[in-house]
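Need a 3D model of the sequence below.
(2 chains)
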Number of protein chains: 2
Amino acid sequence: MPDNQPALEQIALLRRLRAIRQFRPDPVPDQAVVAILAVARWSGSASNRQPWELIVIRNSETLHALANAGGTAPHLAGAPLGIVLVMAGEEGAATREAFDEGRLSERIMLAADAFGVGSCIGWFSGGSEKAAKRILGVPDERVLRTAISLGYADEQARAGMPRRPQPRKPLAAIVSYERYGQR
Amino acid sequence: MPDNQPALEQIALLRRLRAIRQFRPDPVPDQAVVAILAVARWSGSASNRQPWELIVIRNSETLHALANAGGTAPHLAGAPLGIVLVMAGEEGAATREAFDEGRLSERIMLAADAFGVGSCIGWFSGGSEKAAKRILGVPDERVLRTAISLGYADEQARAGMPRRPQPRKPLAAIVSYERYGQR
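I've put the predicted structure just below:
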């Protein structure tokens, strides 16, 4: 069915997205940043609440400070660009906001990938949230959790790293039909 | 820059995704379902935990029962296909799982969109989770929250509905540079 060719190409794009942690120093062009932000802006959220703000960071000192804040985003130190998500922190909405934050993050990664820009998600978990808030001037009542490192993949550095296999569970292990456990 | 044409086309795809709640009765072809599941399978998750299972539902009785379970997924009743996400329910990982669930949901919607299939997210919130678990035979210790309705948009029905405007906040209101609040 030749009609499905564009669909299959898009599917291939969705499938190929992988986390990239080693970056070349080249900056991400403004055109790509603007397009990524436009996609982020149009993300869907529960009841269209859009419970998010974004901080775009290119300053190398800030990126290093965030990388060293103690979370799971050391890759920010080697990235030419970071996008940090600030969530509204509405009372009683922690789960809903985390879900919307995941949707937003995935879109940012896919939009970056469209420009050949690799990315990786890190979290300010535990005590590092406070440190990161101080670095960025984020008010206490907001939730600061996700930092996305962005940049062009440094294929040479990646080739030199031990390959971390990232296999996925087979479909047969995760998909049921009509009822849980019915394969 | 002609080089960026494919990137801009992909960006357009990401931007155009909207929730669809009114469906034609035509079934979603198996080829599309398989492709959507393949994309779902390759979704990224924290530490590659893949804390999810999926239930693919075409049975109209089951879809109606889920729609009536009391959550925010009444649109399942009119959909030819539902994909329900079952999360692992690991202790102390509620936020992380909700975030990964959001990433997975976004991918499923985008993969469906590649085939011209519309979709909408609903939640089994509050008491409806128990009812939905009973309907689908999902064990108590799992988290059952997200149902995604899928099908071809019924443009006629949509045209007859009052348009719910889904504006988005302007970029200037949600994006800071280098430091929170710095426009």
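
what about the residue of chain A found nearest chain B, which SS state?
For chain A and chain B, the shortest gap (C-beta to the nearest C-beta) falls at residue A:102, measuring 2.6 Å. In this view, the C-beta of every residue, glycine as well, is placed from N, C-alpha and C. Assigned with DSSP: H, G, I helix; E, B strand; the rest coil, residue A:102 falls in the helix class.

any idea how far it lies from residue A:77?
24 Å (C-beta to C-beta, to the nearest Å).

quick one on the thing from earlier: what is the neighbour count of the closest residue to the residue of chain A closest to chain B other than its chain neighbours?
The shortest distance from residue A:102 to any non-neighbouring residue, by C-beta to C-beta, 6 or more residues apart in numbering or on different chains, is to residue B:102 (2.6 Å). By other C-beta atoms under 10 Å in any protein chain shown, the residues close to residue B:102 number 27.

Which residues are in contact with residue A:125?
By C-beta atoms under 8 Å, 6 or more residues apart in numbering or on different chains, residue A:125 lies in contact with A:71-72, A:145.

Please repeat the previous calculation with a cut-off of 6 Å.
Shown in contact with residue A:125 (C-beta atoms under 6 Å, 6 or more residues apart in numbering or on different chains): residue A:71.

same question, residue A:71
By C-beta under 6 Å, 6+ apart, the residues touching residue A:71 are A:122-125, A:128.

Kindly recompute the last result at 8 Å.
Counting by C-beta under 8 Å, 6+ apart, residue A:71 makes contact with A:122-126, A:128-129, A:132, A:147.

what do you get for residue A:70?
Residue A:70 neighbours (C-beta under 8 Å, 6+ apart): A:124, A:126-128, A:131.

Greatest separation within those: which pair is it?
A:126 and A:131 (10.1 Å; C-beta to C-beta).

Tell me where chain A has strands.
Secondary structure of chain A by DSSP state E: the strands cover A:52-57, A:81-87, A:118-123, A:143-151, A:175-177.

right, so these: which one is the most enclosed?
Among the strands of chain A, strand A:143-151 has the highest mean neighbour count (mean count of other C-beta atoms under 10 Å in any protein chain shown), at a mean of 26.

Each with direction, which strands does it pair with?
Using DSSP bridges, the strands paired with strand A:143-151 are strand A:81-87 (antiparallel), strand A:118-123 (antiparallel).

Could you tell me the end-to-end distance of stretch A:155-171?
With C-alpha to C-alpha, to the nearest Å as the measure, stretch A:155-171 spans 30 Å from end to end.

what sits against residue A:121?
By C-beta under 8 Å, 6+ apart, the residues touching residue A:121 are A:19, A:105, A:109, A:146-148, B:44.

Among those residues, which pair sits farthest apart?
Spatial extent of the contacts of residue A:121 (C-beta to C-beta) is set by the pair A:147 and B:44 at 15.1 Å.

what stretches of chain A score poorly on pLDDT?
For chain A, the stretches with pLDDT under 70 are A:1-3, A:164.

ok so, going back, my guess is the residue of chain A closest to chain B contacts residue B:96, does it?
No - contact between residue A:102 and residue B:96 fails when scored by C-beta atoms under 8 Å: they sit 9.4 Å apart.

Near residue A:30, how many residues? Count them for me, please.
8.

re earlier: what's the farthest-apart pair in the contacts of residue A:71?
Using C-beta to C-beta, the contacts of residue A:71 reach their maximum pairwise distance at A:126 and A:147, which is 14.3 Å.

Contacts for stretch A:93-101 next, please.
Contacting residues not belonging to stretch A:93-101 are listed as A:43, A:45-46, A:49, A:51-52, A:85, A:87-90, A:143, A:145-146, B:94-96, B:98-99, B:101-102, B:105, B:145-146 [C-beta under 8 Å, 6+ apart].

which one is residue A:39 nearest to, not counting chain neighbours?
residue A:111 (3.9 Å).

which residues sit in contact with that neighbour?
Residue A:111 makes contact with A:35-36, A:39-40, B:10-11, B:14 under the criterion C-beta under 8 Å, 6+ apart.
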